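> pasting the sequence and the predicted model now:
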Amino acid sequence: MKLIKKILVFLLFVFVVAQFFGPEKNEGEMTSIEPFLAETAPPDDVKMILKESCFDCHSSVTRYPWYNNITPVNYWLADHIKHGKGHFDVSKWDEYSIKKKDHKLEELIEMVEAKTMPLESYTWAHKEARLTEDQINSVVTWAKMVRIKYSIESEVE
């Protein structure tokens, strides 16, 4: 029993010390998403959906929940954000070619229609990020319209 007690005290000590360390936060300027919003011109309802369901993991602007201050949760969230931005980063929209922008929107449409985005693990804690059928239709319709614009622009090039 003494050994178990020592192990538990040691683990508690490690947990407390770990709280002083954490990953770098993803807190860029709100202006980093403005080029994306200006170019794709989402209607207000879609803009709100993107803000509540997408930008935390797919931009340099993350709204962190209170539990992000707890290690190891903060590392788990940082990993989600890193992977999310690796696939689709609206803060780097200006750096994408028209072809890549079109492809990213195509992926967005596929994933939203398949209900694989936003991630279920994200919507557990962010109930407002769950998309209704109407919201899915709004996002998909908007993204398809933007893709038409990009297909016209790519033909002109």
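Received it, and whenever you're ready, just let me know what you need. Numbering: from 1, shown residues only.

> give me the element the one residue sitting closest to the centre of the chain is part of.
Closest to where the C-alpha atoms of the chain average out (CA atoms, centre = their mean) is C57, at 1.9 Å. Taking DSSP states H and E as the criterion, C57 maps to helix 55-58.

> counting contacts, what elements does that helix pack onto?
helix 73-87 (3 or more CB pairs under 8 Å, 6 or more residues apart in numbering; DSSP states H and E). C-beta: built from backbone N, CA, C; applies to glycine.

> buried residues in the strand or helix carrying I49?
In this structure, I49 is located in helix 44-53 according to DSSP H and E. Buried residues in helix 44-53, counted by 16 or more other CB atoms under 10 Å: V46, K47, I49, L50, K51, E52, S53.

> can you check stretch 98-108 too?
Those would be K101, D102, K104, L105, L108, for stretch 98-108 by 16+ other CB under 10 Å.

> nearest residue to W142 in space, please, no chain neighbours.
V46 (4.6 Å; CB to CB, 6 or more residues apart in numbering).

> wait, the one you found touches V140, no?
No - under the criterion of CB atoms under 8 Å, V46 makes no contact with V140, lying 9.8 Å away.

> which phi and psi does the closest residue to L50 other than its chain neighbours have?
Leaving aside its sequence neighbours, L50 sits nearest to P42 (CB to CB, 6+ apart; 6.3 Å). The phi/psi pair for P42 (degrees, to the nearest 10) reads phi -70, psi 140.
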